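**Student:** Requesting a structural model of the entry that follows:
(one chain, ligands or ions: 2)
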Amino acid sequence: MIDAKDVQFAYGGGARLQFPDVYLPQGGVFLLSGPSGSGKSTWLALLAGLVAPSAGSLEVSGQLLGVMGSLKTDAWRAQTIGFLPQKLYLSAALTVQENLALAFWAVGRAQDGARIAAALDGLGVGDLAQRLPAQLSGGQAQRVALARAVLMQPRVLLADEPTASLDDAAAKDAVNVLWASAHRLGASLVLATHDSRVAPLLERALASKGLAPLQRLDLSATQSKGRTP
Ligand code: ADP
Ligand code: MG
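**Tutor:** Ligands and ions are numbered 1, 2, ... in the order given. All right, here's what the predicted structure looks like:
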């Protein structure tokens, strides 16, 4: 679940962004839209506890953010948040399997090969485990990064511009695989995009499965008044 009230964030010497209140129940699907620069990536960074709000209150999966120290926040994030960033950050020198094994290292646990294999299989990329990232197509690399994001069975899955530079068929595939992954885990899904193809794809997918309707927030209206002059 996500409960955001009067949240603001100020970049040093730069934009001051204010965000509308949001309540998303556990397992809900949320679409954050708005033009480039409207604060979508910043809002995802706030939800992930990567940056702290400068005002307001933000609760994610029962945890109030901005009050834990950085070590506790890192541990909380590793257990709670799955992040599919716009830039995938797969280590070029490591195989797909090793890239996922790194996630265990990050939480201080022994790597679980069976769980890695299951996560890759669940996304249809199990046979690519021994490849290097450079040997993957864009769509395959994104599935690998998504497998890494869901590896620790997060409560909240965040995806930043997951359809950027994908053609229509691949964009549909990316949206479907994202909501299905979140649904399988009972995780909330927050998808940030300026791609107008995404909302109808998500709405159709959720309706066809009889799931709760998509919640939406468009930041374009808040963009101008959210800035300092
Ligand atoms: P979006 O993801 O919607 O394109 P961002 O959240 O990346 O928007 O950016 C929101 C605003 O914050 C923009 O005006 C951007 O220029 C500014 N911004 C983003 N990152 C930084 C940063 N590290 N330092 C200063 N300003 C930033
Ligand atoms: Mg962005």
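**Student:** separation between the residue in the chain that ligand 2 sits nearest to and Ala192?
**Tutor:** Closest to ligand 2 within the chain is Ser41: 3.2 Å, counting by Cβ to the ion. C-beta here means a position set from N, CA and C on the backbone, and glycine is covered the same way. Look at Ser41 and Ala192: by Cβ to Cβ, to the nearest Å, they are 7 Å apart.
**Student:** ok, now which ones touch Val156?
**Tutor:** Under the criterion of Cβ atoms under 8 Å, 6 or more residues apart in numbering, the neighbours of Val156 are 2, 47, 60-61, 80-82, 187-190.
**Student:** Run through the bridge partners of it.
**Tutor:** Beta-bridge partners for Val156, by DSSP bridges, are Ile81, Ser188.
**Student:** any idea how far ligand 1 is from it?
**Tutor:** 18 Å (Cβ to the nearest ligand atom, to the nearest Å).
**Student:** swap in Ser61?
**Tutor:** 22 Å.
**Student:** about what we covered before: which one of Ser41 and Ala192 has more residues nearby?
**Tutor:** Higher neighbour count among Ser41 and Ala192: Ala192, with 27 against 17, using other Cβ atoms under 10 Å.
**Student:** Just checking whichever strand or helix holds the more buried one against ligand 2, any contact.
**Tutor:** Assigned by DSSP states H and E, Ala192 belongs to strand 188-193. No. Residues of strand 188-193 contacting ligand 2 under Cβ under 5 Å from the ion: none, with a closest distance of 6.4 Å.
**Student:** after that strand, next one along is what?
**Tutor:** helix 198-208.
**Student:** Which positions in that following helix come out as buried?
**Tutor:** Residues 198-199, 201-202, 205-206 are the ones in helix 198-208 that count as buried (16 or more other Cβ atoms under 10 Å).
**Student:** One more: stretch 18-29?
**Tutor:** Across stretch 18-29, burial judged by 16+ other Cβ under 10 Å covers 18-19, 22, 24, 27-29.
**Student:** How about stretch 179-186?
**Tutor:** For stretch 179-186, by 16+ other Cβ under 10 Å, it's 179, 181-183, 185.
**Student:** Please list the outside residues in contact with the strand holding Ala192.
**Tutor:** Taking Cβ under 8 Å, 6+ apart as the rule, strand 188-193 contacts 1-2, 24-33, 40-41, 43-44, 47, 61, 155-164, 175, 178-179, 182, 198, 202.
**Student:** so can I have a markdown table of the buried residues of helix 198-208 showing distance to Pro53 and pLDDT?
**Tutor:** Output for the buried residues of helix 198-208, formatted as a markdown table (distance: Cβ to Cβ, whole Å; pLDDT from 0 to 100):
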| residue | distance to Pro53 | pLDDT |
| --- | --- | --- |
| Val198 | 26 | 97 |
| Ala199 | 26 | 97 |
| Leu201 | 30 | 96 |
| Leu202 | 27 | 96 |
| Ala205 | 31 | 94 |
| Leu206 | 29 | 95 |
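**Student:** Same list, those, but as TSV with distance to Leu151 please.
**Tutor:** Putting these into TSV (distance: Cβ to Cβ, whole Å) gives the following:
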residue	distance to Leu151
Val198	24
Ala199	28
Leu201	25
Leu202	23
Ala205	23
Leu206	24
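**Student:** which one of these is nearest ligand 1?
**Tutor:** Of all these, the one sitting nearest ligand 1 is Val198; the distance, using Cβ to the nearest ligand atom, is 13.9 Å.
**Student:** max-length helix in the chain?
**Tutor:** Of all the elements of type helix in the chain, the one with the most residues (DSSP state H) is helix 168-185.
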